[in-house]
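Trainee: take this sequence and fold it.
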Amino acid sequence: MSTAQPSTGSRWSRFQAWAAKDNIEDYSLRYAPKSFRRWSPMACSVTALGGIAYLADYSIGASIAVTHGASSAVVAILVAAVTIFLTGIPISYYAAKYNLDMDLLTRGAGFGYFGSTLTSLIYASFCFIFFALEGAIMAQAMLVAFHMPLWLGYLVGSIVIIPLVLYGMAALAKFQVWTQPLWLILFAAPLVMIAAADPTGFDGFLSWAGNDGSTKVSAIAVGAGAGVALSLIAQIGEQVDYLRFMPEKSETSPLRWWAAVLAAGPGWVILGAAKQICGAFLAFYVAGQVGFTRATEPIEQFLGAYGSVIHNHAVALTIATVMVLLSQIKINVTNAYSGSLSWSNFFSRVLHMHPGRVVWLGLHIVIATTLMLADMFTVLNTILGFYSNVAIAWIGAIGADMVINKGILKISPSYIEFKRAYLYPINPVGFVSMLAGSALSITAYFGAFGPLLAAWSPYLALAVAMVLTPIIAIVTKGKYYLARPNPLREEIEKEPLWAGQTLQDVVDGKSYELPDMVHDCPFHGGPISSLTCTLTKGCHEMCQSPSYVDGVGAVELGLPVPKPRASVEVG
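Mentor: Alright, predicted model coming up:
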């Protein structure tokens, strides 16, 4: 199954060779086929959680505590964590069940084919903002340990990521699994060392006012802190980029399948919140020695913690540096990988061309490096607080569509339809809900409705998006979910074993699994893959023509009837 599709006289002949290699391309624009999904639920889960090694959580938690005080910071972190966990459950479930990345999921969850183009930019911006943030943390460590200038550290930290991301899930799975045990040891070590060598070091943490905060919990401080933490809500997209490789739900032990989905999906935020609280505490622990500004830097936090037991500065610095570099490489391979997927989806729709995921990987790293050179680390709270208003409206609209419109109202199709031939360009259900929620919350963020709503503006975005999503679906009677029915997908819903069957694309002559197929394209005169559909100009209008009647199902296509499964896999 090739990503670049050769066609005489077409643009495909100009594509780079890597776009034709699935082990590099990693199905960046398509459904992840059953034949490629060789990993067990546990392997998918461990790989997805490997990216949670990032240290931005430490900086975020420290920044909130320094700004608002430790007690408000802890409450804010927990409030945001509960929100992220709950909104992540339906997204993780549908992504793992239908083996789709965040962009394809968004298309069918209330946004439409071109409507999700905007969310691709939102998601790509999340990936390069956090790539830059994590890269800046890595450069800080190299400055302290090797006296390497920050600008050079930014470049080195970016370039080293490229070879690790080239080969997609196959390489990332091995890297994350192999490095996870060492990271877990280094993650637990700081608190263990302080508890053993300096147990009084924990005294007074919750009453710490930070630089200009308060010793007491404040509603405005909690809202503002939660807003910063909620900027991480789009992290669920990166988890989904791994969860799409989960094995078939119908052929796996339900307990193992659900455990992996919940752990690797919304479960990331449990570890994330723990790291944020650790970051807040370590900032408190080292602020008296290094000052408030440097206390938000993870390298200084770990150096201070390890130094409580290891009194040899060189040894403590070495361990702290290993922790920082390992953590940042583990997360930035994920940021770069997910960013390349998002850019691939964005440009394929805008330009109707796909030179390969690697091209967009390069673009992603260039943008992130530019942000690092612009010193975005110094305005961390402002960037993340503003971004969370947009990200949470997007996630809220998707979650409401899946839970309310699909699950309760039954207005939205039970399955996720991502193929261009079956979708309207824009579905107002999610698209309008997200825009309205973002616009209102950003207005509140800049103080139009007073200081309280300014602090809690992300939750205003969430509320508006989640309320409008079912309302618009009811008003439009679900008209804009499907431009035409997909009877083949409906057949697969009845019998999941259909998913493993294949059809031949009449354009490139290759076989693709049924969930990836437009089974009866009027423009090409037969079955085509979703990628051919995406990259062909002119066919979308014909598929949606009222004169086109589509009634072909799996049986009518002459596909072999799948054999009934003898047992459910439990190994």
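
Trainee: got phi/psi on residue 511?
Mentor: phi -100, psi 140 (degrees, to the nearest 10).

Trainee: nearest residue to it in space, please, no chain neighbours.
Mentor: Setting aside the residues directly before and after it, residue 511 is nearest to residue 502 in space (CB to CB, 6 or more residues apart in numbering), at 4.1 Å. To be clear about C-beta, it is placed using only N, CA and C from the backbone, and glycine gets the same treatment.

Trainee: so the most centrally placed residue in the chain, which state does it fall into?
Mentor: For the chain, residue 237 is the residue whose C-alpha lies nearest the centre (CA atoms, centre = their mean; 1.9 Å). What DSSP: H, G, I helix; E, B strand; the rest coil gives for residue 237 is helix.

Trainee: give the contact list for it.
Mentor: Shown in contact with residue 237 (CB atoms under 8 Å, 6 or more residues apart in numbering): 101, 102, 123, 126, 338, 342.

Trainee: which of those residues fall in helices?
Mentor: The helices, defined by DSSP state H, take in 102, 123, 126, 338, 342 from those.

Trainee: and those residues as CSV, adding pLDDT?
Mentor: Listed next are the ones in helices among the contacts of residue 237 as CSV, based on pLDDT from 0 to 100:
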residue, pLDDT
102, 88
123, 84
126, 81
338, 80
342, 80
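
Trainee: what is the nearest of the residues you listed to residue 407?
Mentor: Distance to residue 407 across the ones in helices among the contacts of residue 237 (CB to CB) is lowest for residue 102, with 19.5 Å.

Trainee: OK, contacts around the closest one?
Mentor: 91, 95, 123, 236, 237, 240, 241, 338, 342.

Trainee: residue 342 is in contact with the third one, correct?
Mentor: Yes: the pair residue 123 and residue 342 qualifies as a contact (CB atoms under 8 Å) at a distance of 4.7 Å.

Trainee: between these two, which contacts overlap?
Mentor: 102, 103, 237.

Trainee: hmm, which of the contacts of residue 237 are the buried ones?
Mentor: 101, 102, 123, 126, 338, 342 (16 or more other CB atoms under 10 Å).

Trainee: tell me how far the closest residue to the fourth one other than its chain neighbours lies from residue 394.
Mentor: The reference is to residue 126. The spatially closest residue to residue 126, leaving aside those adjacent along the chain, is residue 234, at 4.0 Å (CB to CB, 6+ apart). Taking CB to CB, to the nearest Å as the measure, residue 234 falls 8 Å from residue 394.

Trainee: so where's the stretch 101-250 of the chain uncertain?
Mentor: Counting by pLDDT under 70, the stretch 101-250 of the chain has low-confidence residues at 167-173.

Trainee: so where do the helices sit in it?
Mentor: 102-106, 115-146, 150-159, 162-165, 168-197, 219-229, 235-243 (DSSP state H, counting those that start in this stretch).

Trainee: out of those, nearest to residue 452?
Mentor: helix 219-229 (6.1 Å).

Trainee: who are the packing partners of the closest one?
Mentor: Applying 3 or more CB pairs under 8 Å, 6 or more residues apart in numbering; DSSP states H and E, one finds that helix 219-229 contacts helix 56-68, helix 70-98, helix 380-400, helix 451-455, helix 457-476.

Trainee: who touches it?
Mentor: Taking CB under 8 Å, 6+ apart as the rule, helix 219-229 contacts 60, 63-64, 67-69, 72-73, 75-77, 79-81, 83, 213-214, 273, 276, 381, 384-385, 388-389, 445, 451-452, 454-459.

Trainee: quick one on the thing from earlier: reformat the helices of the stretch 101-250 of the chain into TSV and put distance to residue 358 next to each item.
Mentor: Formatted as TSV, these follow (distance: least, CB to CB, whole Å):
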stretch	distance to residue 358
helix 102-106	18
helix 115-146	16
helix 150-159	14
helix 162-165	9
helix 168-197	10
helix 219-229	33
helix 235-243	16
